[in-house]
Each structure stands twice: as structure tokens, then as C-alpha cells.
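Peer 1: Below is the structure, and that's it, no one-letter string:
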């Protein structure tokens, strides 16, 4: 009985403490910015999207979840890959938090991805905020990031996409802007 009470105490402690460290909006380090990629719909929940920062693979997740990506402030080309490619031409400000809604659309062979920068006035802002406050982010392990990056490099996948971006997609509708006007004020994240 003593061990059972101890176990309950440990579970209660972990249940109270862990969420405060793992969920919610965590500000970036001083010279960094943070982007939350959020899927608020269960539609197409089994479909994964891969996320990149320029040539670097940064993560993957599926379903109604989100991923937190912290990076140095400044210029970035963030993008997602599925049947299509969707790009965010970014100029991120140090210390700021950004929200990007990840939408899923019907595709020919596989689902298509759409990235939509959010502001507090967007109709989906509260849904995205509620999801981040409710659960911990999906984290892609460093081993998975490394092995995926190696596979994609061997195939020339990222190099090909970057070439197509420069030649074809840079000024297309599949490229949106994400800059300081999309930074979410801290008081709106509670």
C-alpha cells in the first residue's frame, strides 16, 4: 500500500509538472525566433507533411498536432512537402513568436499541404492557440532528422526543390510572406 501511494504521488506530480514545461507558447532565445506549425483539423489525420528550413529537414508530423521550430532571427525559406510544395519567404524578428496554420487539401495521389501565416484576427487563431495550450508539440528526434536529411540528399530531392523554387515557384502563389507583421503579441498567447 505504501508503494501504491508513492506511485500515485509521482503520477500526480508528473501530471501537474510536465505540461507546464512541454505545452503552451515558449518564447525563443534572445537572438532567435520561433514558428509554430499547427494543424487544427483531424481531416487527413494519417497524412504526414515534412518541414524544411531552406535545404535543412527540420521535422515531420501528422494529424491534429503542432510542431515548434526555433531558429536564428532573419531570412529563411520555410516550406512543407507533400504532393505539392508550399513556401514561406520569411524575415523573422528576434524574440518573436509566429503561428502558421497547416491546411490539408485533396490531391491527385496524396494530400496537398497549404501553409497560412496567422494573425490574431484570423478566424483560426483561437483554434490554433487552444491546441498549443492543450498539448505538447510533436518533436522529431535528431536521429530521424539526420537519417531523413541523408536520404533526401542522396536522392537530390532538396537540391531539386530549391532549383525549382528559384526557377518557377519563387514568385508563384505557393510562396507566401512571413515577416514581423505576423508576430503574435505575447499577451494574446495566454
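Peer 2: Perfect, thanks for sending it. This is a predicted model, so every value here is computed, not measured.
Peer 1: Just confirm residue 188 is within a helix.
Peer 2: Yes. Under DSSP: H, G, I helix; E, B strand; the rest coil, residue 188 sits within a helix.
Peer 1: the helices in this structure, which residues?
Peer 2: 2-22, 125-134, 142-155, 157-164 (DSSP state H).
Peer 1: Confidence-wise, which of these is weakest overall?
Peer 2: Among the helices of the chain, helix 2-22 has the lowest mean pLDDT, at a mean of 42.
Peer 1: Relative to the whole chain's centre, how far out is stretch 26-35?
Peer 2: Distance of stretch 26-35 from the chain centroid (C-alpha atoms, centre = their mean, to the nearest Å) equals 14 Å.
Peer 1: Any buried residues in it, and which?
Peer 2: 28, 32-35 (16 or more other C-beta atoms under 10 Å). All C-beta atoms are positioned from the backbone trio N, CA, C, and that covers glycine.
Peer 1: and which of those residues is nearest to residue 180?
Peer 2: Nearest to residue 180, judged by C-beta to C-beta, of those is residue 33 at 9.5 Å.
Peer 1: Among the buried residues of stretch 26-35, give me the pair with the biggest separation.
Peer 2: Within the buried residues of stretch 26-35, two members stand farthest from each other by C-beta to C-beta: 32 and 35, at 10.3 Å.
Peer 1: Could you tell me which residues touch both of these two?
Peer 2: 70-71 (C-beta atoms under 8 Å, 6 or more residues apart in numbering).
Peer 1: Distance of residue 117 relative to residue 164?
Peer 2: Distance, residue 117 to residue 164, using C-beta to C-beta, to the nearest Å: 22 Å.
Peer 1: ugh, wrong one, I meant residue 171
Peer 2: For residue 171, the distance to residue 164 - C-beta to C-beta - is 13 Å.
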